[in-house]
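> Output the structure for:
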Amino acid sequence: MTTTSRTADTDRQRDPERTRQEILDVALTEFARNGYSGARVDEIAARTRTTKRMIYYYFTSKEQLYIAVLERAYSTARDAERQLDVDHLEPVSAIRTLAELTFDHHESHPDFISLVAIENIHHGEFIAKSAALADLNTPAVSVTARILERGYASGAFRRQAAAIDVHMLISAYCFFRMSNRYTFGAIFGVDLLDPSRREHLRTLVGDMIVSYLTTGD
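Here you go, the predicted structure:
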């Protein structure tokens, strides 16, 4: 190890949380671009101006670093949902707002989309090893459940639906728009990220969910 590397490691040990977050920032991009197998810890170390030794000091292994990246990516999504204040909105507006928030988050976090796609290629092997992720994903469904409960109580929603199903419908639309934009564009000649179509597509996901819930079984 060079003198410069030793100095860098020493500086980072003085602010461990900042160092950990910097490593996660770079690792998220590296894993999203290259997948678990293609990502290189050496590259992450170089881009954070630290060393593999320091990365393993914080995360013990490449696998644990990858799991930590997954936890952070999902945590960012769930924090946005937890902070969403829809209790003051009537149920139809509330569920539309939730759908639009998911649309916005997926669009602004393309690396999250890539990570989820990559983890599905691995059949959820790594996400299953994280106890934290099960707890992280609970709020997403609970927010939806609260909106549905108010909607049924008020009579605004007529079709009975499980919260997890509604969550899946919203996620499927928003995820597809980002994950399949290249193949969809090549086949149909439609740019799903065309700014001129953004509000149309954003409104569409809300319309779809509202129509489903307000139409009788």
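> only C-alpha atoms for contact and neighbour calcs from this point on.
Noted.
> Buried ones in the lengthiest helix in the chain, by neighbour count?
Taking DSSP state H as the criterion, the chain has its longest helix at helix 16-38. Going by neighbour count (16 or more other CA atoms under 10 Å), the buried part of helix 16-38 is 19-20, 23-32, 35-36.
> ok, and what's touching it?
The contact list for helix 16-38, computed with CA atoms under 8 Å, 6 or more residues apart in numbering, reads 12-13, 39-40, 44-45, 47-48, 55, 58, 65-66, 68-69, 73, 111-112, 114-115, 118.
> Please indicate which of the residues you listed are buried?
12-13, 39, 44-45, 48, 55, 58, 65-66, 68-69, 73, 111-112, 114-115, 118.
> now the chain, which segments are flagged as low pLDDT?
1-14, 137, 217 (pLDDT under 70).
> domains for it, by residue range?
Domain segmentation of the chain under automatic domain parsing yields 1-60, 67-214.
> Confirm for me that Val92 is in contact with Ser154.
No: between Val92 and Ser154 there is no contact under CA atoms under 8 Å: 10.5 Å.
> neighbour count winner among these two?
Neighbour count, other CA atoms under 10 Å: between Val92 and Ser154, Val92 has more, with 21 against 12.
> any idea which helix or strand carries the more buried one?
helix 91-108 (DSSP states H and E).
> Out of the buried residues of helix 16-38, which two sit at the greatest distance?
Thr19 and Gly35 (22.6 Å; CA to CA).
> Let me see the contact set for Thr183.
Contacts of Thr183 by CA under 8 Å, 6+ apart: none found.
> What distance do you get for it to Arg197?
18 Å (CA to CA, to the nearest Å).
> Also Ala134?
Distance from Ala134 to Arg197, counting by CA to CA: 35 Å.
> just Thr144 next, same as before
27 Å.
> Can you pick out the residue with more neighbours from those two?
Per other CA under 10 Å, whichever of Thr144 and Arg197 has more neighbours is Thr144, with 21 against 12.
> Report all helices and strands that the helix or strand harbouring that one contacts.
Element membership of Thr144, judged by DSSP H and E, is helix 138-154. In this structure, helix 138-154 makes packing contacts with helix 62-82, helix 91-108, helix 163-179, judged by 3 or more CA pairs under 8 Å, 6 or more residues apart in numbering; DSSP states H and E.
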